[in-house]
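> With the sequence up front, the predicted model follows.
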Amino acid sequence: MKRVFILMTFLVGIYACNSDTIYKSEAALPEAGWVRTSPVSYDFDIQDTTTFYEMMLDVKANENYRYQNLYVNIETRFPDGKTEKDIVSLELGTPGGKWHGKCTSGSCIVPVQLQQRFKFPQKGNYKISLHQFTRIDTIKDLSALTLSINKSVED
């Protein structure tokens, strides 16, 4: 048993050292619901504009979430101060109610790829803000959003 523990610790250490994740941050959402006027924001610094990246958003939802998708308005502020906005439908499940992610103990985590194999055009500080963009003022049964940026494995 001791050998298994040592081997697992070693493997986790190697994985952590070789991780291509350059940014990862989880934002908890209020238990009362995510209000349309309360964006979730992520700030991060990019210094390498030659590398290809992938951007993922993990949506953590209660199994009681009633919809197959979630509309969000994604606003990106670039280091030079310019902003771009895009409305995106995050597909969380099928029309029949099957989740796209993994569910355990009443909670589901659905990974959604926001961008793949892209380069950041500028060096400096970026800010990504997500606004829930549904027809409902306060969307319930969502508990967290985790944004991660990884170096592309296709380099």
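In hand now; what should we look at? Since the model is a prediction, treat every value here as computed from it, not as a measurement. Numbers count the residues shown, from 1 in each chain.
> Give me the below-cutoff pLDDT ranges for the chain.
Applying pLDDT under 70 to the chain picks out residues 1-19, 154-155.
> Name the residues of the longest strand along the chain that are buried.
The single longest strand within the chain, with elements called by DSSP state E, is strand 107-118. Applying a neighbour-count criterion of 16 or more other CB atoms under 10 Å, one finds Cys108, Ile109, Val110, Val112, Leu114 buried in strand 107-118. (Each C-beta comes from the backbone N, C-alpha and C, glycine too.)
> That one: partners in the sheet, and parallel or antiparallel?
Here strand 107-118 is paired, per DSSP bridges, with strand 53-62 (antiparallel), strand 102-104 (antiparallel).
> Could you pull up the residues touching Gln122?
Gln122 makes contact with Ile46, Thr49, Phe78, Pro79, Asp80, according to CB atoms under 8 Å, 6 or more residues apart in numbering.
> Of the residues you listed - the most surrounded one?
Counting neighbours by other CB atoms under 10 Å, the top entry in these is Ile46, with 20 neighbours.
> Show the contacting residues for that residue.
Ile22, Pro79, Phe120, Gln122, Lys123, Gly124, Tyr126.
> my guess is the third one is in a helix, correct?
Translated: Phe120. No - under DSSP: H, G, I helix; E, B strand; the rest coil, Phe120 sits outside any helix and is assigned coil.
> Spell out for me which residue occupies the centre of the protein.
Leu57 (1.8 Å; CA atoms, centre = their mean).
> Excluding chain neighbours, what is closest to that residue?
With CB to CB, 6 or more residues apart in numbering as the criterion, Leu57 has its nearest non-adjacent residue at 4.9 Å, and that residue is Val112.
> Other residues contacting stretch 102-116?
Contacts with stretch 102-116, where a contact means CB under 8 Å, 6+ apart, come from 53-65, 74, 88, 90-93, 99-101, 143, 152.
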